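Peer 1: sequence unavailable; structure follows:
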Ligand SMILES: Cc1ncc(COP(=O)(O)O)c(C=O)c1O
Ligand SMILES: Nc1c(O)cccc1C(=O)C[C@H](N)C(=O)O
């Protein structure tokens, strides 16, 4: 295919002697980040000192949130950036079930561990039970307060049907929280249009925000007045600088904030998001499907390999291969300059980031694996 994103790779600081296929865990650095951080540290922090809080720092969580909103189909004022995905999951789940007369939280059984752990804790603290369930057989009913689902499964790369599952939850009066860690920046997402209740996601994978860059939380405008999240830190207060004794939440998405925002990471993410300017998610999606299809075609028949990522369009931008010696194979691939990762016990993962990965890289990686086998 002709690649409408070919020029975007130049915006990244990537060495040509490495085939980097782990952007689904830690995205590559956009060149603009180092430059921006230099300005933030030397000029904003260094010269403007504390004045910088009123020169853009304080509002950064909402401003950067709106930039992510564009990528997930959320109108402005509904996404806030800060804290980790784990912390935002806790805010979302407790906020979703507080005051409910329903009795269970449902989580997809194969979830990324942190989601299951946090859901367990949220259930225990709110007196609900936690029920892990297969996304193909969720069995939601009037007992279900909320269901937490991963849009793209971290292990297999399978993409769930957000529209259908959101509708199913709503049919029984349950809420749905979507974890978008492996789908934000991968495909067009329509949170507002689908009536999603809450969503979280991390920014260090396909959004390339850098190691530990802050996560995001989506709370639709209509739900904000009733959203009572448990971490009532002062920055979520309606008038934080009034230093009032009583907590009064911000009227809008600001109530989803907790403590002081991590400005260095936040502004690194802000700079990283510049690579999306002028990029169409439809192009990203088309290239991601083509890259993963090409790689799957090349590795499908290799000895001992089982492709566990769906071959139809229901996948994100990673290819997962099962092999009994996955750990050894990945270590050898990495030693040879092809960087993917291994998830226990026997899964090799290869993430394709359409903004910077090329078809030539898909072929080089497949060739390297073939030679090892
Ligand atoms: C689906 C999913 N949820 C959550 C996380 C991480 O959460 P946190 O940002 O708290 O480390 C990851 C990856 O680390 C993930 O893959
Ligand atoms: N967040 C990570 C980290 O701090 C260190 C190593 C890996 C990660 C990851 O993001 C793992 C990733 N969520 C996964 O899908 O496995």
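Peer 2: Right, received. Where do you want to start? None of these values were measured; they are calculated from a predicted model. Residues are numbered from 1 along each chain as shown. Ligands and ions are numbered 1, 2, ... in the order given.
Peer 1: the closest residue to ligand 1 within the stretch 151-300 of the chain - how many residues pack around it?
Peer 2: Scanning the stretch 151-300 of the chain for proximity to ligand 1 using CB to the nearest ligand atom identifies residue 181 as nearest, at 3.7 Å. Every residue, glycine included, has its C-beta placed from N, CA and C. Neighbour count for residue 181, taken as other CB atoms under 10 Å: 26.
Peer 1: need the contact list for the closest residue to it other than its chain neighbours.
Peer 2: Leaving aside its sequence neighbours, residue 181 sits nearest to residue 202 (CB to CB, 6 or more residues apart in numbering; 4.7 Å). Residue 202 sits next to 84, 85, 181, 184, 213, 215 when contact means CB atoms under 8 Å, 6 or more residues apart in numbering.
Peer 1: up against ligand 1, what does the stretch 151-300 of the chain have?
Peer 2: Contact residues (CB under 6 Å from any ligand atom) of the stretch 151-300 of the chain with ligand 1: 154, 179, 181, 182, 202, 215.
Peer 1: ok, and of those, which contact ligand 2?
Peer 2: residue 154.
Peer 1: closest to ligand 2 among the residues of the stretch 151-300 of the chain next to ligand 1?
Peer 2: Minimum distance to ligand 2 across these is 3.6 Å, recorded for residue 154 (CB to the nearest ligand atom).
Peer 1: right, and the closest one touches residue 181 too?
Peer 2: Yes - with contact defined as CB atoms under 8 Å, residue 154 counts as touching residue 181 (7.2 Å).
Peer 1: by contact count, what packs against the helix or strand of the chain with the lowest mean pLDDT?
Peer 2: Among the helices and strands of the chain, strand 341-343 carries the lowest confidence by mean pLDDT, DSSP states H and E, at a mean of 95. For strand 341-343, the packing partners by 3 or more CB pairs under 8 Å, 6 or more residues apart in numbering; DSSP states H and E come out as helix 326-335, strand 347-351.
Peer 1: how does it look with 6 Å?
Peer 2: Applying 3 or more CB pairs under 6 Å, 6 or more residues apart in numbering; DSSP states H and E, we find strand 341-343 packed against helix 326-335.
Peer 1: each with direction, which strands does the following helix or strand past the helix it packs on pair with?
Peer 2: Per DSSP states H and E, helix 326-335 leads on to strand 338-339 as the next helix or strand towards the C-terminus. Paired with strand 338-339 in the same sheet, following DSSP bridges, are strand 19-20 (parallel).
Peer 1: how far does the next helix or strand after the strand it pairs with sit from the chain's center?
Peer 2: Tracing the chain past strand 19-20, the next element assigned as helix or strand by DSSP H and E is helix 31-39. From the chain centre to the centre of helix 31-39 is a distance of 23 Å (CA atoms, centre = their mean, to the nearest Å).
Peer 1: mind listing residues that contact helix 31-39?
Peer 2: Here helix 31-39 makes contact (CB atoms under 6 Å, 6 or more residues apart in numbering) with 13, 268, 271, 272, 274.
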